[in-house]
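Undergrad: Pasting a predicted model and its sequence here:
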Amino acid sequence: MSHVEMLGQSPIASDRQARPLSPATRAGDFVFVSGQVPTDDQGQVIVGGIEAQTRQVFKRIEEALALADCTLSDIAKVSVWLNDARDFGSFNRVYMECLGDHRPARSTVESRLMIDAKVEIDVTAYKPRT
């Protein structure tokens, strides 16, 4: 029988309401991180361009992965949504800065986001339970 473990508390957004999701879930050896956006601890989108926002998203991803004792090096798949395709080059520079030599599979699309942000990223990590 499969078991999905919900990790972390529902995030609070700028309207102070909890969102109906978990930051991450674990299903067996896989960890799924919900789409992360560039918000601060109060749920406000940080000020700055694509580079600052991408760095903040990776900070959020690291926090969510830590709930399952994972790190960025455990990521197997990345899905990226950019609100402007012209940000792709700058996004890629920060992406490579954050992941170093680790090169997980990735999809990137241009899409209008649900909040006024430049980027959203979700990841799937693989880390066998010990």
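TA: Looks like it came in fine.

Undergrad: Does anything pack onto the longest helix along the chain? Which helices or strands?
TA: What stands out as the longest helix in the chain, according to DSSP state H, is helix 50-66. Under the contact criterion of 3 or more CB pairs under 8 Å, 6 or more residues apart in numbering; DSSP states H and E, helix 50-66 touches strand 30-36, helix 88-99, strand 119-126. Yep, even glycine has a C-beta here, placed from its N, CA and C like the rest.

Undergrad: For S79, find the nearest of these.
TA: strand 119-126 (5.1 Å; CB to CB).

Undergrad: can you list the helices and strands packed on helix 50-66 in CSV and add distance to L21, mean neighbour count and mean pLDDT?
TA: Below are the helices and strands packed on helix 50-66 laid out as CSV (distance: least, CB to CB, whole Å; neighbours: other CB atoms under 10 Å; pLDDT from 0 to 100):
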stretch, distance to L21, mean neighbour count, mean pLDDT
strand 30-36, 5, 21, 97
helix 88-99, 23, 15, 98
strand 119-126, 11, 21, 98
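
Undergrad: Tell me the first helix or strand C-terminal of the longest helix of the chain.
TA: Sequence-wise, the next helix or strand downstream of helix 50-66 (DSSP states H and E) is strand 75-82.
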